[in-house]
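>>> have a look at this prediction, sequence included:
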Amino acid sequence: MKKIVLCALAISIVACKAQQPKDIEEANPVEYANTITASELKDHLYTFASDEFMGRETGEPGQKMAAEYLKKEYQTLGIPSPLGADDYFQEVPSSVFTRGDVKDTENVLAYIKGSSLPEEVLVISSHYDHLGVDAEGNIFNGADDDGSGTVAILEIAEAFKKAREDGFTPKRSILFLNVTGEEKGLVGSKYYTDNPVFPLSQTVANLNIDMIGRIGEGMESAGDYVYLIGSDRLSTELHDLSEEVNNKYLNVNLDYTFNEEGDPNRFYFRSDHYNFAKNDIPVIFYFNGVHEDYHRPTDTADKIEYDLLAKRAKLIFLTAWEVANRDERPFVDKPTLPKS
């Protein structure tokens with residue numbers, strides 16, 4: 001009898017934790033955005049951008065350690081892989097690299113299945129590789145580039161998972177895509193778009209995060225800002241949605257300097273969102289601009305502006321929430337591909 005009572009109690013506890021599905025319109029997304037904290041971002045980044053990870057060079061032991069770290073965190077959060085079982089890695093073979101002698105590597109994928117529109121997928125991406133160690137033994141920790149984006153995704157994923165635990169599953173599916181090989185020419189994201197786990201035709205948007213933990217050159221007096229690149233290049237609707245979310249919740253200074261068609265830096269073409277954009281998938285690239293430690297061993301975790309990083313991550317989460325839960329996917333009114 002005692003065993004039966006204990007079993008019944010255990011089942012009751014599990015049932016209480018797994019909330020029944022609720023109307024997503026009743027959710028308060030700010031409640032979940034506020035689970036993204038500076039302290040948790042800092043805890044992640046001081047590990048992820050530590051010397052132990054040896055600069056996370058593509059295909060090298062430090063990058064493999066970083067991939068395992070991400071897998072473990074997703075497993076701890078209870079967020080599965082779309083690849084099934086405990087396989088969180090999309091293998092990227094050395095044969096696809098054209099720069100240098102790069103070993104086999106892997107993208108890291110985690111996934112929350114949508115409720116009413118599960119076949120439609122929003123991709124939230126960042127690259128987790130960096131430059132490794134130079135000939136003099138200097139470690140390029142890459143805390144901002146792109147440790148900041150990578151740990152932001154972990155916190156964003158956790159926020160969506162907490163909402164789901166409360167019964168608020170997003171309408172569309174969300175793929176958390178940590179790509180490898182960005183520093184070798186956007187190779188990991190190209191490999192994904194060439195070999196998508198979900199059809200590109202059903203990929204509604206890509207929110208890409210690459211360097212959001214610092215204050216860029218010349219932006220010392222800009223307050224809480226972030227550069228947005230690409231938001232209106234393909235979809236006016238995605239751009240307007242992004243502006244509406246920011247005006248409603250956070251009032252971050254959204255700077256479009258690097259979104260200009262003639263931008264000499266060509267940042268629109270230089271991060272992983274571009275491999276989605278060239279397939280006519282609407283994108284937003286979140287970026288803080290370059291700074292004195294860009295691609296130097298001095299890009300370390302102690303220089304990150306954690307409160308600002310948290311606010312930018314909240315903005316991305318709230319934008320993702322809106323994309324995932326609107327009735328219609330962002331309309332592409334400025335396609336670049338010929339109609340099939």
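On my side now, so go ahead. Residues are numbered from 1 along each chain as shown.
>>> which stretches of the protein form strands?
Counting by DSSP state E, the segments of the chain that form strands are 89-92, 105-112, 117-127, 132-133, 139-140, 172-179, 203-209, 225-229, 253-255, 283-287.
>>> would you turn those strands into TSV with mean neighbour count, mean pLDDT and distance to residue 60?
Just so you know, the C-beta spots here come from the backbone N, C-alpha and C atoms, and that holds for glycine as well. Shown next, in TSV, are the strands of the chain (neighbours: other Cβ atoms under 10 Å; pLDDT from 0 to 100; distance: least, Cβ to Cβ, whole Å):
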stretch	mean neighbour count	mean pLDDT	distance to residue 60
strand 89-92	19	98	14
strand 105-112	24	98	9
strand 117-127	24	99	15
strand 132-133	18	98	6
strand 139-140	23	98	12
strand 172-179	25	99	16
strand 203-209	26	99	23
strand 225-229	23	98	29
strand 253-255	16	98	35
strand 283-287	27	99	26
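>>> show me the contacts for the nearest residue to residue 125 once chain neighbours are set aside.
Distances taken as Cβ to Cβ, 6 or more residues apart in numbering place residue 177 nearest to residue 125, at 4.3 Å, with adjacent residues excluded. By Cβ atoms under 8 Å, 6 or more residues apart in numbering, the contact set of residue 177 is 107-109, 123-126, 189, 192.
>>> run the last query once more with 10 Å
82, 90, 107-111, 123-127, 153, 188-189, 192, 197, 206, 208, 272, 276 (Cβ atoms under 10 Å, 6 or more residues apart in numbering).
>>> same question, residue 46
Neighbours of residue 46 in contact, by Cβ under 10 Å, 6+ apart: 143, 147, 151, 300-302, 304.
>>> repeat that with 8 Å
Residue 46 makes contacts with residue 301, as judged by Cβ under 8 Å, 6+ apart.
>>> same question, the one 4 residues further on
With Cβ under 8 Å, 6+ apart as the criterion, the residues that contact residue 50 are 141, 301.
>>> what score does it have for pLDDT?
Note on residue 50: pLDDT of 98.
>>> among the strands of the chain, which comes closest to residue 166?
strand 105-112 (13.3 Å; Cβ to Cβ).
>>> tell me, how many residues neighbour the closest residue to residue 251 other than its chain neighbours?
Nearest in space to residue 251, with sequence neighbours left out and distances taken as Cβ to Cβ, 6+ apart, is residue 224 at 7.9 Å. Residue 224: 14 surrounding residues under other Cβ atoms under 10 Å.
>>> which one of the strands of the chain lies closest to residue 161?
Comparing the strands of the chain by Cβ to Cβ, strand 105-112 comes nearest, at 6.9 Å.
>>> re earlier: distance to residue 73 for the strands of the chain - can I get that in CSV?
Below are the strands of the chain laid out as CSV (distance: least, Cβ to Cβ, whole Å):
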stretch, distance to residue 73
strand 89-92, 14
strand 105-112, 9
strand 117-127, 13
strand 132-133, 22
strand 139-140, 22
strand 172-179, 10
strand 203-209, 16
strand 225-229, 24
strand 253-255, 29
strand 283-287, 21
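>>> nearest to residue 235, out of those?
Closest approach to residue 235 among the strands of the chain is made by strand 203-209 (7.7 Å; Cβ to Cβ).
>>> how many degrees apart are the closest one and strand 117-127 in direction?
20 degrees (axes from the mean of the first three to the mean of the last three Cα atoms, to 10 degrees).
>>> for strand 203-209, packing partners?
On a contact count with 3 or more Cβ pairs under 8 Å, 6 or more residues apart in numbering; DSSP states H and E, strand 203-209 meets strand 117-127, helix 149-165, helix 274-277, strand 283-287, helix 306-325.
>>> find the centremost residue of this structure, please.
Taking Cα atoms, centre = their mean, the centroid of the chain lies closest to residue 125, which sits 3.5 Å from it.
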